[in-house]
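Colleague: Sequence and predicted structure are below.
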Amino acid sequence: MVTLSFAVALSLTFAPEEFDAERAASIEREQAKETAAVTAKYGNKKSTELSRDERAQMIREQAAAEQKVLDKYGVSSKEWARAQMNRSREQADQVRQANKALEAKEKAAAEKAAAEKAGGPKEIVIQRGISEENPVTLEESENATPVVEQGLPKDFENDQNAATESDAVEKAADAPATKSTGKSGKR
């Protein structure tokens, strides 16, 4: 009996820390992703909404996905279950913190990939005032020479002429009628 407990104690002291917080958090995150993928395959339905056969198949696929993750990390399901069960509150808090750190790291990597895909941040030039060195360009296409117009555009002049003519007609219509000098009416 003493040799057995000594062997167990010896194996525990020399066993590497297989489930440190970061490794446990990465296993948990990958298992959650795989499980979510299987659930999405079944339309993210509740288990009560599935038929008996679908539910059984989904449970088998989820278990296989979780086992695939454990195999990837070289951990048996028995070791993993024992490690989760024997976690202290302090270790569980460490795993939660490591999980949050992994989530933040994945989010930053996804944002960086999206930024690279979009062509990276583009430099915005802020121009203060107009001068010969800094002319204003409204629309610019590649390999095109800028077009410089002097004076008012022709459309503007046509619009101005039409507006002045319509103003003259409106003023004439609004003018009061002149009184006639004829003698008619009551005495």
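Modeller: Arrived safely, thanks for sending.
Colleague: how about the helix or strand harbouring residue 93: buried residues?
Modeller: Element membership for residue 93 (DSSP states H and E) is helix 89-117. Neighbour-count burial for helix 89-117, counted by 16 or more other C-beta atoms under 10 Å, picks out 91, 94-95, 98-99, 102. Just so you know, the C-beta spots here come from the backbone N, C-alpha and C atoms, and that holds for glycine as well.
Colleague: From the contact counts, what lies against it?
Modeller: Applying 3 or more C-beta pairs under 8 Å, 6 or more residues apart in numbering; DSSP states H and E, we find helix 89-117 packed against helix 21-41.
Colleague: buried residues in the following helix or strand past the helix it packs on?
Modeller: Once the chain leaves helix 21-41, the next helix or strand it forms, by DSSP H and E, is helix 52-72. Of the residues in helix 52-72, those with enough neighbours to count as buried (16+ other C-beta under 10 Å) are 55, 58, 61-62, 65-67, 69-70.
Colleague: Columns distance to residue 151 on top of those residues, output as CSV?
Modeller: Rendered in CSV, the data for the buried residues of helix 52-72 read as follows (distance: C-beta to C-beta, whole Å):
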residue, distance to residue 151
55, 78
58, 74
61, 74
62, 74
65, 72
66, 76
67, 79
69, 73
70, 78
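Colleague: Could you save those as CSV and add columns showing pLDDT and distance to residue 145?
Modeller: Listed next are the buried residues of helix 52-72 as CSV, based on pLDDT from 0 to 100; distance: C-beta to C-beta, whole Å:
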residue, pLDDT, distance to residue 145
55, 92, 69
58, 93, 64
61, 94, 63
62, 93, 64
65, 94, 61
66, 93, 64
67, 94, 66
69, 93, 60
70, 93, 65
